[in-house]
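**Q** let's see this in three dimensions:
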Amino acid sequence: MARFGLTEDSDEDEVLVQNGTHIPTETQVTKDQPAGKGKGRAASPPMQVDELVGATRRRRLKPTATALVEGEGGETRYAHEVRPRERKTSTSDEDEDEAAGRHPRRNGNSTTAPAPWPAQIGLEPHRIHVMQTSLFRMPEEQAAFTAGKQKIPSTSKLKPREHAEKLLNASAKLARKHSRGSEGGGDSMRVDKAERASFDDHSVDPEPYRPARKVARVQSGQSICVGQDGAYVDAGLAFGRSFRVSWGPDGQLARICGLSSSVVQIESIALVADDEDSGRERASRLLEAQIEHSTVELDDSAIPVAFPSRSLRFSTFATLFPQHDNSHEAQVWRQGVALFDPLQQPTSQYIPPTVKPRLVAIQRRTALAVWLSETVAPTIAATLRDNPSASSAQRSFIRLTGHQIEEAADAAAADGNPYLAMLISQAGGDTEFRTDLDTQLSIWTTEGSDRLISEAYRKCLAVLSGVTNVWRPLVSSANTQANEVNVVNGLDWKRAFGLALWYGAGSEGASGYEVALEQFEQTMGRDGAPIPLQWYKESQGAPVATASSSRGDLEEADALFELLRLAAAQIPLERAIYPRAFSPNSLDYRMTWHIYMLLSRAMRIKDFSDRHFIADDSELGSGAEGHSETADNITCAYAAQLEALGQLQKAVFVLLHLEDGHGRERAIKELLLRQAHILEPWQIVGLQSLSIPIEWIEAALGCLAQYEGRTFDAYEHFLKADEQRLAHILAVNDLAPDAVIRDDLALLQGLFQPFNPQVVDDWSFRGKLFLDYVDATERIPKLIAATSRQDAVADASDALELSRLKNTVPQLIRALPDVFKDRSDPRQKAALSVMLSGLLLLFDSLKTKSGVQPEFDVDLVDEATRLRHIHNAAYNRFIQSVSVAA
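**A** Model prediction:
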C-alpha cells in the first residue's frame with residue numbers, strides 16, 4: 001500500500017504525509033478557495049498530484065529521513081539521500097513561501113534518523129514508488145471508486161448488457177480522472193480500459209448468473225406419477241421429450257394434430273410423385289440395369305460394398321425407353337448421352353493435338369443440337385396442329401423454332417414464297433449472310449415498309465440473321481418499340497435456347513454449346529423470354545417469363561437446364577441434381593441417386609464439392625473413394641424410398657453404396673431388422689446373392705422371433721447369427737427355467753454347450769453354473785455308488801472327481817440365487833427352488849466331515865427340503881461330536 005506517516009506538532013493539527021508530500025487539512029483547503037465556491041470537501045475541485053506536491057501551508061514540516069521527497073530532476077528519493085543542493089533548493093522554496101505570507105510548518109526534531117531498512121537492503125526509492133502507484137490505489141482513488149459504485153444502479157434492476165456498460169463507463173472515468181501523465185509515473189504504465197477494443201465490443205452479452213439446479217433421480221416405482229396416467233391435463237407436454245415428432249417406418253410421420261399437443265396423428269407421406277405402382281416400376285427398371293453393371297465385393301473389414309462398373313453410361317438407361325417415349329425422364333437420359341457420354345474420338349494421326357479439343361467441342365455441340373431438335377419435335381407438331389389456319393410464314397417460323405429447316409423451306413415454297421424458302425435453306429450461314437438479312441430489316445424499318453410485311457415473315461428473317469431474343473433497329477425513333485421483332489415471345493425455354501444454339505453466335509460450329517448457353521442466360525427473363533421452369537410447373541400453366549426473373553434469382557430450374565449448366569462447369573453437382581428438378585416430390589431421390597452414381601462413381605467426371613478425396617483405381621485401388629456426406633445422405637434417402645415401396649432387396653443394394661464401412665453395416669442391419677416380418681426364403685436367397693452375410697439376416701429374424709414371443713426360435717436364430725451374448729441371455733432367463741422345472745437335464749445341457757466361454761459375458765457366474773449343476777446331479781449319485789461298494793477296488797479318478805464335486809455343490813448353492821434375480825417371474829422362482837432342493841439333497845448325501853454348511857436363503861426352498869437339511873445337519877454334528885469324544 002501507499003506509505004502514510006503521521007507527524008505531530010504541539011501547536012498545529014495533525015497533518016497526513018503521503019510519500020513525503022504534505023496534504024492540507026480540510027479546513028485549510030476550504031480557506032484557500034474563492035468565495036462562493038461551496039463549503040467543505042464536497043465543494044472542492046478534484047486535486048491532482050502536482051497540486052498536492054506544491055500545496056502551500058502556513059508551516060511546512062521538514063521531511064523525516066524515511067519520507068520520500070522529490071529531487072531536482074523530478075525523481076523521488078528518500079530524504080536522507082537528497083544532496084545538500086537539493087535541500088538548499090527545498091529551503092529556498094520555504095523562504096519563498098514565507099515571503100508570500102505563507103508559513104510552512106517545521107519539524108523541531110533536527111536529529112537525523114537511521115537509514116530505513118529498504119535503503120539498507122539496496123532497494124531503489126524511485127522503483128518502489130513506481131510499483132506502489134502502479135499496484136495500489138491512492139485514497140482519493142478509493143473514494144472516487146466508492147462514489148462510482150454508489151451511482152451505478154443495482155444489478156438486479158439492470159439487464160446484463162446495461163450492467164456491463166455501466167461498469168465500463170465508471171472504470172473509464174476513474175482512469176481519466178487519476179491518470180498522471182508524467183514520464184516514469186506509476187499510472188503512465190497503466191492501460192486505459194476505454195482504449196481497449198475488447199472492452200468496446202459489446203456484441204456478446206455477459207452470461208447471467210444461473211444457479212445450478214440439484215436434481216435427484218427417482219426410481220420409476222417411487223414416482224408420484226405412478227398410476228396417475230389419466231390425471232395429466234396435457235399429455236403432450238408431459239411426454240414431449242420422450243415422444244418427439246419423428247419419422248417412422250415406411251414413410252410414416254408422427255406429428256401433433258392441430259393446436260392440441262395431446263393428440264398425435266400418424267400419417268403416411270408419399271415419397272414418389274405418382275402412385276406407388278408406377279414409382280415401383282420406374283425404380284425397378286433403373287435398378288435392374290444398374291445391378292447388371294455393378295459388382296459387390298468385401299472390403300478390408302469383410303463388409304460387402306457395391307461398385308458400379310466403369311462401363312456404365314447414360315446410354316445404358318436411355319435404351320430402356322422407346323423412341324416414341326417423350327417423357328421428361330427419357331429426355332434427361334438422352335440429354336446425358338449428348339452431354340456426358342464419350343464421343344468417338346478422331347483417329348487420324350495428322351490432326352494436331354491442339355485441334356482435337358475443338359473437334360470434340362463441335363461434336364458435343366452437334367450431338368446436343370440433334371437431341372434438342374428431337375426433344376422439341378412433339379411441341380412443334382402440337383403447335384401446328386393447334387393452328388390449322390396459320391400462314392406459310394407462320395408455319396415456317398414454327399418449324400424454324402424446332403430446327404426443322406427442310407420442312408420450313410417446303411412450307412414457304414408450297415405457299416408460293418420461293419424467296420423465303422431460298423433464305424431458309426441457307427440457315428446457319430456465314431457472317432456475311434446474317435449481316436445482309438439484318439441490313440434488310442433495317443432498310444424496311446427506315447423506309448417504313450416494315451408495316452407492309454407480316455410479323456411472321458420478319459421473325460423468320462430475324463432468326464436467320466442470328467437474333468435470339470428481340471431485333472431492334474440501329475437508329476431509334478418514336479416508333480422503335482413498334483418496329484421491334486420479338487422472336488421468343490410465346491416460346492418455351494427449350495426452343496428459346498435452341499434459337500441460340502442453332503442460329504445464334506457461334507452456331508457455325510467454331511465453338512461449343514457454352515457460348516449459346518451464355519447467350520440464352522443473358523436474355524433469360526427479359527422482353528418476354530422464357531425461364532427454365534420445372535417441367536411439372538410448365539404443364540400446370542405456370543408463367544414462362546416474369547419481369548423480375550433473371551439468372552441470379554433463379555433458385556429452382558428444370559433438370560435439363562441444370563444439367564446444361566453442370567456440363568458447362570457453371571454449378572456444382574449437388575446444385576444440379578436436387579430432387580425438385582426432376583419431380584414435384586422433394587423426397588423423390590431416384591433420378592438424383594442414379595445420375596450421381598453415373599457422373600461420380602462410374603464415369604468420374606463430376607462429384608460433390610464436400611468430397612475430401614477421389615483417387616483413381618489404378619493408384620490406390622477401388623476402395624480409395626474418399627468420403628462425401630452429401631452422397632451418403634442421398635443414398636440413405638433413396639433406400640428409405642425403396643423401403644417404403646416394399647422393395648427390400650433393391651433398398652439393400654442401394655445401401656451397399658454407402659462409403660463408410662461401419663455406417664454401411666449398421667444401415668443394412670437396421671433395414672433388415674425393420675423389414676424382418678416380410679422376409680421370405682426367396683428374398684433371403686436374393687440378399688445372399690448381394691453378399692449379405694447370413695448372420696445379419698439371422699439376427700434380424702431372431703429379434704422378430706423374440707418380439708413375437710417365440711423364445712426358442714429367437715435363441716436358435718441368435719446362435720446362427722453368432723450373437724452368443726443375446727442367445728445366452730435368452731437361455732438363462734427364459735429357456736433354462738423351463739428345462740429345470742421339467743427336469744430335462746439333457747435339454748438344459750444342450751442349451752449351454754454351444755457357447756464359447758471367451759465370448760459370453762460372466763460365463764463363469766451364469767451359463768457355466770447350469771453345466772455344473774447338470775454334471776453334479778448326474779455324476780454324484782453314480783460316484784457315491786461306485787465308491788461305496790465293498791467288493792470293488794476304489795478308482796482313484798472317481799475319488800478325485802467326487803472330491804471336486806463336493807466343493808462344487810456348496811459353490812452352486814451360493815451362486816444360483818444371483819443367477820435368477822427376477823423374483824417376480826414365477827418360472828425363475830420355481831426353477832431356483834428345484835435346483836437348490838436337489839443340490840441340498842446331494843450335499844446331505846455326501847456326508848462331508850468338514851462340518852461347514854452352505855449358506856443360502858431358507859425362503860428359496862420348500863419346507864420339506866428345509867426340514868430335511870436341518871435334520872441332516874444336526875445328525876452330522878452329533879456324529880462328529882461322538883467321534884471327537886471317542
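
**Q** what values do phi and psi take at residue 697?
**A** phi -70, psi -40 (degrees, to the nearest 10).

**Q** hmm, residue 679 and it touching each other?
**A** Yes: at 7.0 Å, residue 697 counts as touching residue 679 under the criterion of C-beta atoms under 8 Å. Every C-beta, even on glycine, is put in place using the N, C-alpha and C of the backbone.

**Q** between those two, who's got more neighbours?
**A** Higher neighbour count among residue 697 and residue 679: residue 697, with 21 against 16, using other C-beta atoms under 10 Å.

**Q** ok, back up a step: shared neighbours of residue 697 and residue 679, anything?
**A** residue 672 (C-beta atoms under 8 Å, 6 or more residues apart in numbering).

**Q** quote the end-to-end distance of stretch 581-597.
**A** Taking C-alpha to C-alpha, to the nearest Å, stretch 581-597 runs 17 Å from one end to the other.

**Q** same question for stretch 814-825.
**A** 20 Å.

**Q** what are the buried residues along it?
**A** 816, 819-820 (16 or more other C-beta atoms under 10 Å).

**Q** likewise for stretch 520-538?
**A** Buried-residue list, stretch 520-538, by 16+ other C-beta under 10 Å: 520-521, 523-525, 528-536, 538.

**Q** could you give me the average pLDDT of the host helix or strand of residue 797?
**A** Secondary structure from DSSP states H and E places residue 797 in helix 796-819. Across helix 796-819, the average pLDDT comes to 84.

**Q** so what does it touch, helix or strand wise?
**A** On a contact count with 3 or more C-beta pairs under 8 Å, 6 or more residues apart in numbering; DSSP states H and E, helix 796-819 meets helix 767-787, helix 826-846.

**Q** distance to residue 426, mean neighbour count and mean pLDDT added to these, as CSV?
**A** Compiled in CSV, these are given as follows (distance: least, C-beta to C-beta, whole Å; neighbours: other C-beta atoms under 10 Å; pLDDT from 0 to 100):
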stretch, distance to residue 426, mean neighbour count, mean pLDDT
helix 767-787, 92, 18, 87
helix 826-846, 96, 19, 84
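
**Q** in TSV, list those along with distance to residue 219.
**A** Shown next, in TSV, are the helices and strands packed on helix 796-819 (distance: least, C-beta to C-beta, whole Å):
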stretch	distance to residue 219
helix 767-787	29
helix 826-846	22
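
**Q** what's the closest of those helices to residue 409?
**A** helix 767-787 (90.9 Å; C-beta to C-beta).

**Q** what helices and strands are in contact with that closest one?
**A** Checking 3+ C-beta pairs under 8 Å, 6+ apart, helix 767-787 ends up next to helix 745-752, helix 796-819, helix 826-846.

**Q** from residue 590, how far off is residue 280?
**A** Separation of residue 280 from residue 590 (C-beta to C-beta, to the nearest Å) stands at 11 Å.

**Q** revised request: answer the last question for residue 375.
**A** With C-beta to C-beta as the criterion, residue 375 and residue 590 are 21 Å apart.

**Q** and the two? Which one has more around it.
**A** Ranked by neighbour count (other C-beta under 10 Å), residue 375 and residue 590 place residue 590 first, with 24 against 20.

**Q** residue 286 is in contact with the more buried one, correct?
**A** Yes: Residue 590 is in contact with residue 286 according to C-beta under 8 Å; the separation is 6.9 Å.

**Q** helix or strand right after the helix ranked longest in the chain?
**A** Ranked by residue count, the top helix of the chain under DSSP state H comes out as helix 356-386. Sequence-wise, the next helix or strand downstream of helix 356-386 (DSSP H and E) is helix 392-400.

**Q** which helices and strands does that next one pack with?
**A** helix 356-386, helix 405-414, helix 418-425, helix 455-464.

**Q** which stretch among the ones you listed comes nearest residue 642?
**A** helix 356-386 (29.3 Å).

**Q** between the closest one and helix 405-414, how many degrees?
**A** Relative orientation of helix 356-386 and helix 405-414, computed by axes from the mean of the first three to the mean of the last three C-alpha atoms, to 10 degrees: 40 degrees.

**Q** in helix 356-386, what's buried?
**A** So for helix 356-386, counting by 16+ other C-beta under 10 Å, buried means 360-365, 367-369, 371-373, 375-376, 379-380, 383-384.

**Q** count of neighbours near the closest residue to residue 648 other than its chain neighbours?
**A** Leaving aside its sequence neighbours, residue 648 sits nearest to residue 675 (C-beta to C-beta, 6 or more residues apart in numbering; 5.0 Å). By other C-beta under 10 Å, 19 other residues sit near residue 675.

**Q** hang on, residue 675 packs against residue 642?
**A** No: look at residue 675 against residue 642 with C-beta under 8 Å: they stay out of range, at 10.7 Å.

**Q** so what's in contact with those two at the same time?
**A** residue 648.

**Q** identify each buried residue in stretch 696-714, please.
**A** Buried-residue list, stretch 696-714, by 16+ other C-beta under 10 Å: 696-706, 711, 714.

**Q** using CSV, write out every CA atom in that stretch.
**A** Listed in CSV are the C-alpha atoms of stretch 696-714, where the atom choice follows Å, rounded to 0.1, in the frame of the first residue of the first chain:
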residue,chain,number,x,y,z
TRP,A,696,-27.1,-60.4,-40.5
ILE,A,697,-30.3,-62.0,-41.7
GLU,A,698,-30.5,-64.5,-38.8
ALA,A,699,-30.0,-61.7,-36.3
ALA,A,700,-33.0,-59.8,-37.8
LEU,A,701,-35.1,-63.0,-37.7
GLY,A,702,-34.0,-63.6,-34.1
CYS,A,703,-35.2,-60.1,-33.0
LEU,A,704,-38.5,-60.7,-34.7
ALA,A,705,-39.0,-64.0,-33.0
GLN,A,706,-38.1,-62.5,-29.6
TYR,A,707,-40.6,-59.7,-30.3
GLU,A,708,-43.3,-62.2,-31.1
GLY,A,709,-42.6,-64.3,-28.0
ARG,A,710,-41.0,-67.3,-29.8
THR,A,711,-38.1,-67.5,-27.4
PHE,A,712,-36.6,-70.8,-28.6
ASP,A,713,-36.7,-69.7,-32.2
ALA,A,714,-35.0,-66.5,-31.3
